[in-house]
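# Coordinates only, no sequence provided:
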């Protein structure tokens, strides 16, 4: 077997770094166990310290400065935290030669600050909120960059993201394409997207109509055997069915037979692809058993 130089700077006989680290950890744990006072964490090898610090969040990492003043500034740790919370931003492509000292720690602080400011804007000013990321050189105004950024993080307030997408339909269209619905059952795909953005009755009809248009197109792009017109009709039928089944004021609920009959009538003359009686029956069962395809009634349609 060949020999290689591991993270501890000596031959490991092809032993992976994790195993070397485990051996060192056990050795130091045994040594610390026999100390009479609380161990001085500064005595730990830097490799073990980095391994420990790579498992803490930003708040805890900052608190560790007392024990690992130099290591807590290590860009390896802050880069990991950046990607963990914001999977993408334009600043990640900054050339290494232009990054400067503590680039990733500084970028994390900027992302943290801009995110907080975005989330504190009132809903109709969210487009101004995204400009915070741009003014801090975190994002460009490229719609592909903005869409990728929005898709890559769960830290942004949903209502503010939705308000931004209403104002930037170029971003919305690209954002939707980030969802891969290949092979997804239509009610499940709708539920996934609508709940993620919390699309509900408070949003105006033109926007919802646009959502249905681009969603049906993207769904057909992912599933070419379907046609856009047929998918749009079934989407509308599913919304009406959801409202009917979940509205307590409606006493006579729509039966599966009625739902299938009404949808087939709406589809009359259209190229339906896989959408037939059995398919529609399964969509009815899905809504009946699982629930609404959107967070609330989509009355504005």
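Arrived safely, thanks for sending. What you see is a predicted model; the values in this text were computed from it and never measured.
# OK, contacts around residue 104?
75, 76, 78, 79, 82 (CB atoms under 8 Å, 6 or more residues apart in numbering). Bear in mind the C-beta positions are built from the backbone N, C-alpha and C, glycine included.
# got JSON lines for those residues, with pLDDT, neighbour count and secondary structure too?
Below are these laid out as JSON lines (pLDDT from 0 to 100; neighbours: other CB atoms under 10 Å; DSSP: H, G, I helix; E, B strand; the rest coil):
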{"residue": "75", "pLDDT": "82", "neighbour count": "17", "secondary structure": "helix"}
{"residue": "76", "pLDDT": "84", "neighbour count": "11", "secondary structure": "helix"}
{"residue": "78", "pLDDT": "87", "neighbour count": "21", "secondary structure": "helix"}
{"residue": "79", "pLDDT": "91", "neighbour count": "16", "secondary structure": "helix"}
{"residue": "82", "pLDDT": "93", "neighbour count": "24", "secondary structure": "helix"}
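# Which pair of these spans the longest distance?
Farthest pair in those (CB to CB) is 76 and 82. Separation: 11.1 Å.
# Figure out the helix or strand that residue 220 lives in.
Counting by DSSP states H and E, the element that carries residue 220 is helix 205-222.
# now that helix: how far from the chain's centre is it?
Computed by CA atoms, centre = their mean, to the nearest Å, the separation of helix 205-222 from the middle of its chain amounts to 20 Å.
# which residues touch it?
By CB under 8 Å, 6+ apart, helix 205-222 touches 166, 169, 172-173, 176-177, 179-184, 186, 189-190, 193, 199, 226-228, 231-232, 235-236, 298, 300-301.
# got the domain boundaries for this structure?
102-168, 179-290 (automatic domain parsing).
# how long is the shortest one end to end?
Looking back up the chat, that one is domain 102-168. 34 Å (CA to CA, to the nearest Å).
# The stretch 201-301 of the chain: helices as residue ranges?
Assigned by DSSP state H, counting those that start in this stretch, the stretch 201-301 of the chain shows helices spanning 205-222, 228-246, 256-266, 277-290.
# starting at the chain centroid, how far to the second one?
Think helix 228-246. For helix 228-246, the distance to the chain centre is 26 Å (CA atoms, centre = their mean).
# Can you give me the buried ones in it?
Across helix 228-246, burial judged by 16 or more other CB atoms under 10 Å covers 228-243, 245.
# And for the third one?
Within helix 256-266, the residues scored as buried using 16+ other CB under 10 Å are 259, 260, 263, 264, 266.
# and it, what does it pack onto?
Here helix 256-266 touches helix 228-246, helix 277-290, going by 3 or more CB pairs under 8 Å, 6 or more residues apart in numbering; DSSP states H and E.
# Compare the ones you listed and give me the one nearest residue 47.
Using CB to CB, these put helix 277-290 closest to residue 47, at 48.6 Å.
# what angle sits between that closest one and helix 256-266?
130 degrees (axes from the mean of the first three to the mean of the last three CA atoms, to 10 degrees).
# List the buried residues in helix 277-290.
For helix 277-290, by 16+ other CB under 10 Å, it's 279, 280, 283, 284, 286, 287.
# Save the residues you listed as TSV, and put in distance to residue 53 and pLDDT too.
Shown next, in TSV, are the buried residues of helix 277-290 (distance: CB to CB, whole Å; pLDDT from 0 to 100):
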residue	distance to residue 53	pLDDT
279	52	95
280	55	95
283	50	96
284	53	96
286	46	95
287	48	94
